[in-house]
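Novice: how would this look folded up:
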Amino acid sequence: MTGQTLRTFVHPCGEMSLSASDPEFLDVVEKFGRIGYWQIDLHTELVYFSAEVCQTHGLPQGYRPDNIKECTEWYHPEDRRFVTETVEAAARDGKPFSFEARIRNVSKQIRWVAVNGEVRKNSAGIPRTIIGTLSDITAERELSVQLSEALRVAKSASRLKEMFLANMNHELRTPLNAIIGFSQIIKMMELQGEANKIVGEYATDIETAGAQLLSLIEDIFVLAKMEAESEALTLEPVDVNEVLQDVRSLTTAGARDNNQTIQFNQVQESFSRIIADHGKLSQIIVYLVSNALRVSASGETIEVTARPAKNNRVVLSVADKGPGIAPEQHDKIFDRFNRMDPSERSVENISVGLTIARDMVESMGGEIGVDSVEGEGATFWLSFPVTEGRACSEAV
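Specialist: Here you go, the predicted structure:
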């Protein structure tokens, strides 16, 4: 049949042919696709609305608008001019169009619709009819608005959280610094004979407890900062030796102040390329080094090493000279808010930030763990697959 595309459907009773232009076929498509169709005769201004278009407008099936103007009057007053100009331009220029706009149905409800139109010309090239589709997208628009509002609320909450943390950081540090400072003064008075020995011992206990509390507060704020930043990773080719250089510049001064040393051991160039977030990886290693300095005594050396490992991987490790960690605690120290036995000296200085460090490392495709024997220090390690230069560009 010339000019028509035949679709053949297998029916239990035999074969049935249905043209794609057959009204019955269009009704089936409309029913299941929820997309109405319409047609405007530009010469007579006769308009045809399909059943779905009528339903969207709240009109009875078979309703026929009197003219094009009636069609445009269904649109919201704020959208009506745009719709009119769009249809008139299509009728004049013969170009297809597509837009989203609001209509007011018979019940005065506002509905969002997506409209597509195409101009059909006669043999002389003059636009003769416009045919198109209309679909109700109110639910999609409402969902979009809800998601936008949820995003706005989330961003607002995030800003409030940042302000709260900044204020609390200051408010908590101020009295703690005073407590620690005055306890140090009392200790000096005891050494100079201006206070008895018992008072000096009490002052030592106050200073120790204050320092531990200050350290915990610092951990909490670092944890919150790391957790907020972990949501935005930028994965790219990274040279682990360059990362170690960054860590060196950020930690050397602190080690010097504590009369400690950090030894950096870089890996050969062929094992130095991985896919990671450079800034976040540096942050994690700085965090591990800070913990290592804290648990190690004055005069000790912390080792930060990058070395090749099995299965074409590179391992970054931080080894401290602290009290070590009991084997049964190796997995627990990475658990969020896990309560450790306070009698366990081996875990008393382990930072809650290890939980976020684990999540960030795993998000970058790496692994994190600890090797330790109680009383012999601990080595925290990160493992990443090595990526060759060519593969790096492809991975990104």
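
Novice: domain map for the protein?
Specialist: As recorded under automatic domain parsing, the domains making up the chain are 34-136, 139-229, 234-396.

Novice: need the winner for burial among those domains.
Specialist: Neighbour counts (mean count of other C-beta atoms under 10 Å) averaged over each of the domains of the chain peak at domain 234-396, with a mean of 17. Quick note: C-beta positions are derived from backbone N, CA and C, even for glycine.

Novice: one step back: okay if I get the domains of the chain as CSV plus mean pLDDT?
Specialist: What follows is the domains of the chain, written out as CSV (pLDDT from 0 to 100):
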stretch, mean pLDDT
domain 34-136, 89
domain 139-229, 70
domain 234-396, 81
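
Novice: quick one, phi psi at residue 288?
Specialist: phi -70, psi -40 (degrees, to the nearest 10).

Novice: what residues are up against it?
Specialist: If you count contacts by C-beta atoms under 8 Å, 6 or more residues apart in numbering, residue 288 has them with 318, 357, 380.

Novice: can I get these in a markdown table with distance to residue 303 and secondary structure?
Specialist: Shown next, in a markdown table, are these (distance: C-beta to C-beta, whole Å; DSSP: H, G, I helix; E, B strand; the rest coil):
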| residue | distance to residue 303 | secondary structure |
| --- | --- | --- |
| 318 | 7 | strand |
| 357 | 18 | helix |
| 380 | 11 | strand |
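
Novice: for residue 98, which non-adjacent residue is closest in space?
Specialist: Nearest residue to residue 98, sequence neighbours excluded (C-beta to C-beta, 6 or more residues apart in numbering): residue 116, at 4.8 Å.

Novice: what's the answer for residue 250, then?
Specialist: residue 286 (5.2 Å).

Novice: likewise residue 306?
Specialist: With C-beta to C-beta, 6+ apart as the criterion, residue 306 has its nearest non-adjacent residue at 3.9 Å, and that residue is residue 267.

Novice: my guess is the one you found meets residue 314, correct?
Specialist: Yes - contact criterion C-beta atoms under 8 Å: residue 267 and residue 314 qualify, at 5.9 Å.

Novice: quick check: neighbours shared by these two?
Specialist: Listed as contacting both residue 267 and residue 314 by C-beta under 8 Å, 6+ apart are 240, 306, 307, 308.

Novice: how near is the last one to residue 245?
Specialist: For residue 308, the distance to residue 245 (C-beta to C-beta, to the nearest Å) stands at 19 Å.

Novice: and if you look at the second one?
Specialist: With distances defined as C-beta to C-beta, the gap from residue 306 to residue 245 amounts to 11 Å.

Novice: and the residue nearest to residue 306, what is it in contact with?
Specialist: Residue 267 is in contact with 240, 241, 306, 307, 308, 314, counting by C-beta under 8 Å, 6+ apart.

Novice: that one and residue 386, how far apart?
Specialist: Going from residue 267 to residue 386 by C-beta to C-beta gives 9 Å.

Novice: okay, and the common contacts of these two?
Specialist: With C-beta under 8 Å, 6+ apart, residue 267 and residue 386 have common neighbours 308, 314.

Novice: looking at it, the residue nearest to residue 250 is touching residue 252, isn't it?
Specialist: No - using C-beta under 8 Å as the test, residue 286 is too far from residue 252 to be in contact (11.1 Å).

Novice: what's downstream of the strand or helix carrying residue 361, the next helix or strand?
Specialist: In this assignment (DSSP states H and E), residue 361 forms part of helix 354-363. Reading on from helix 354-363 to the C-terminus, the next helix or strand found by DSSP H and E is strand 367-372.

Novice: restricting to C-alpha, output that next one in PDB.
Specialist: This file holds the C-alpha atoms of strand 367-372, laid out as PDB (Å, rounded to 0.1, in the frame of the first residue of the first chain):
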ATOM      1  CA  GLU A 367      42.100  -0.400  50.500                       C
ATOM      2  CA  ILE A 368      43.100   0.600  54.000                       C
ATOM      3  CA  GLY A 369      44.300  -1.400  57.000                       C
ATOM      4  CA  VAL A 370      46.700  -1.600  59.900                       C
ATOM      5  CA  ASP A 371      49.500  -4.000  60.900                       C
ATOM      6  CA  SER A 372      50.400  -3.800  64.600                       C
END
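
Novice: can you offset everything so residue one is 56?
Specialist: I'll keep to 56 as the first residue from here, and by that count the last item is strand 422-427.
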